[in-house]
Structures are given as structure tokens and as C-alpha cells.
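Chemist: make a model of this:
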Amino acid sequence: MSRKKTAFLLTLFACMTVCLTVFWQRLHELGGSEEGDYEIYDRHYVMITGREDSDFWDRVYESAFLEGKKRGAYVERFGEELAVEYGRNELLRLAMQASVDGIIVPGDEEEETIALLQEVVEQGIPVVNVLQDSTGSVRQCFVGNNSYNLGQDYGRQILELLAEGEGTEDGGGPGNQPVRVLVLVDENRTDTSQNLVLLGIRETLENAGESADSVSVETSPVDNSRGFSSEESIRDIFLDAGKLPDILVCLSAVHTRCAYQAAVDYNKVGTVQMLGYYDSDAILEAVSKNILYSTIALDTEQMGRFCVQALDEYAETGYTNNYMAVDTRLIRAAEAERLVEER
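Modeler: Residues are numbered from 1 along each chain as shown. From the prediction side, this is the model:
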């Protein structure tokens, strides 16, 4: 048997396995009884997400699932609870072979991903990129935040810290070393969103009269390729006095969690002012205790809802908005404390 035929059969077998697993999961999730009391859906959408930021994606999926249910569409968390862990592009291929009615997936700028999304759309399956975009692809819609505006939000928080004299022990200023701002970036991401965040931070500081001589904005790449690599990368910053900044900016929930935990573990709370991302219970508690100065949260309910609305609109009309902006929310200590008590 040729290698090509073997590869084809293996792929076909994997697809059949996933489809059968999905079928039984759907029967269970849809609440069928012994009498055959099953819900009927007009469309089948799938959401493909990564393993990181699981709490974040759980909320987005819950919102998408509920919105789909209202609209007569079943939204499946594709690839979850399978015996084999598939990568995102493998799941995209399987979803395409399963002829689903729409795909929701975080994008990137990798050539393989762009080519695969092209193939998916050419087969008549609409694609919505969520949180991260594939700008060079033919996807139908991007649902996420404006990265430049997010950078401006962080820039304004940095200006508040500078005004309070919290950037350094002496508050910085003439004759002192510049306040060091360190932005944690994902070294595995290939899209432009992180660069836009940096641009928003730097231009906000410049427009407020802060030059590179007074505030230095640098980046530190964080490796997310292995299970504990994020913790190790961020821990190294706190262990090296030369790397330790005055202000640390986190652009993901994982980086935020690792940063505040490292600050606690190495007794650096208050020495480094930290700006977080997302509003999980643990992050809100860290803000309420002033371990984090503040955090910026995306509206996950809105994000999931917009994804399904975009797919439905495209299915019904043949077009949809190219970009749907998700609201962000700045949370400081007092509000974080209230939210912790309410949850």
C-alpha cells in the first residue's frame, strides 16, 4: 500500500472517529430521553479553541452555545474530551470534512492557517476568527477587541501610576533613571495585535509628554509552547534584579496569573506595579488585594454572542460585518472587591 493511500485512510479513520464521538456527545448534551425526546437544530457550528486560558474560553463558549440555542443552531466545542489531542489546524480539517455549517476559531498569520482557511471557505463553510485575527485570510468576520485601543487603555493606566509616583520608589523624573515598563508578549503569536498594543501604549505616553528618557517601554517574550513554560519565563524576570521592571503589563489571563503569583512567591508585591488582563475570580481577588493595580476584561458574553450572530447573518444573507468590536472594561480595586463578593 502506498504512503499516500495509507495517509488518506488514517485521516479518514480519524475523521470517522471524531464524527462518531461528536454524534454521541450531541445526543447526550441535547438531553435526549429514552422516548426519543431530542431537540432539532437547523445548523451545526463548531468552536475550536486552544488549551490555554480555559476559563476565558469556557465563558465565550457558554455564551455562544446559549445564543445558538436561541437561534436554532447547535454550537459544539470541537475537539474537547477526545482520546487524542488534536492541534487547531487538524481540527479545522476534521470540521471541514464533517461539513459543519460554520467555524469559530482564533486566527493567526501562519501560511498554513491562511491556506487552510481559504480551503474551508471555498467549500462553502463560513469562518469567524475570534480574539485573534487572520488578516490575510478570506474569513467572513473577526470578533475581538481593538488592539490599539487596548494599548491606549494600558497607557492611561501607566500615566496614572506615574502621576501617583508609583513607577519607582522616587517617582522617576529629571536626574533619575527612566521608569521601566515591561510588556509580556507571547513569542508564539504571529499576528500583529501585540505590536498594535505596544504602539497604543507608546503613543499614549508620548502624547502625554512622556519621552523615552522618562519612560522606557520594553517587551519580554514569554514561551507558551510547554505546560509550565509561561511560569518559568515570568519567574525568571522576578528572580533577576536586572530584569525586574517598575511596571509590568500582562496581555493574557495566563501571563497575569503567573505574574501575580510570582510577585507573591518572591515578595515583590508593591515593588512591581502590575496591570492585568481578564476578570477570573483569582485575578479579581488579586486586584482587590492590590497585588494587581488593575485589570482589563473583555466582554466574553458579547464575544460568544457576536460569533454566532455573524455566522447566522452570513447563512441568511450571504454577507456579514467584517469586524465586530467587543467591549472592554477597566476594573480597579474597589470594583474588583465588589465583584468578588457578588460571585
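Chemist: just the CA atoms of the strand or helix carrying E90, as PDB, please.
Modeler: Using DSSP states H and E, E90 falls within helix 88-97. C-alpha atoms of helix 88-97 as PDB (Å, rounded to 0.1, in the frame of the first residue of the first chain):
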ATOM      1  CA  ARG A  88      -6.100  23.600  15.900                       C
ATOM      2  CA  ASN A  89      -5.300  23.100  12.200                       C
ATOM      3  CA  GLU A  90      -6.000  19.400  12.400                       C
ATOM      4  CA  LEU A  91      -9.400  20.200  14.000                       C
ATOM      5  CA  LEU A  92     -10.100  22.600  11.200                       C
ATOM      6  CA  ARG A  93      -9.500  19.900   8.600                       C
ATOM      7  CA  LEU A  94     -11.800  17.500  10.600                       C
ATOM      8  CA  ALA A  95     -14.500  20.100  10.900                       C
ATOM      9  CA  MET A  96     -14.300  20.700   7.100                       C
ATOM     10  CA  GLN A  97     -14.600  17.000   6.400                       C
END
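Chemist: which other helices and strands contact that helix?
Modeler: helix 3-29, strand 102-105, helix 111-122 (3 or more CB pairs under 8 Å, 6 or more residues apart in numbering; DSSP states H and E). For glycine as for every other residue, the C-beta is placed from the backbone atoms N, C-alpha and C.
Chemist: and it, what's its mean pLDDT?
Modeler: Helix 88-97 comes out with an average pLDDT of 92.
Chemist: what are the contacting residues of it?
Modeler: The contact list for helix 88-97, computed with CB atoms under 8 Å, 6 or more residues apart in numbering, reads 11, 14-15, 18, 46, 48, 50, 78-79, 86, 103, 105-106, 112-113, 116-117, 119-120, 123, 125.
Chemist: just to revisit the earlier point, averaging pLDDT over each of the helices and strands packed on helix 88-97, which comes out lowest?
Modeler: If you rank the helices and strands packed on helix 88-97 by mean pLDDT, helix 3-29 sits at the bottom with a mean of 54.
Chemist: check which element follows that helix along the chain.
Modeler: Taking DSSP H and E, what comes next after helix 3-29 is strand 43-47.
Chemist: off-centre distance for that following strand?
Modeler: 20 Å (CA atoms, centre = their mean, to the nearest Å).
Chemist: okay, buried residues for the helix or strand following it please.
Modeler: Once strand 43-47 ends, the next helix or strand along the chain (criterion: DSSP H and E) is helix 54-71. Within helix 54-71, the residues that count as buried by 16 or more other CB atoms under 10 Å are D55, F56, W57, R59, V60, Y61, S63, A64, F65, E67, G68, R71.
Chemist: ok, now which ones touch the second one?
Modeler: Under the criterion of CB under 8 Å, 6+ apart, the neighbours of F56 are A253, Y278, S280, T300.
Chemist: isn't the third one right up against S252?
Modeler: No. Using CB atoms under 8 Å, S280 and S252 do not qualify as a contacting pair, with a distance of 11.5 Å.
Chemist: of these two, which one has the most company?
Modeler: Neighbours per residue (other CB atoms under 10 Å) separate S280 from S252, with S252 holding more: 22 against 18.
Chemist: where's the spatially most central residue of the chain relative to A253, distance?
Modeler: Nearest residue to the geometric centre of the chain (CA atoms, centre = their mean): L131, 5.3 Å. According to CB to CB, to the nearest Å, L131 stands 11 Å off from A253.
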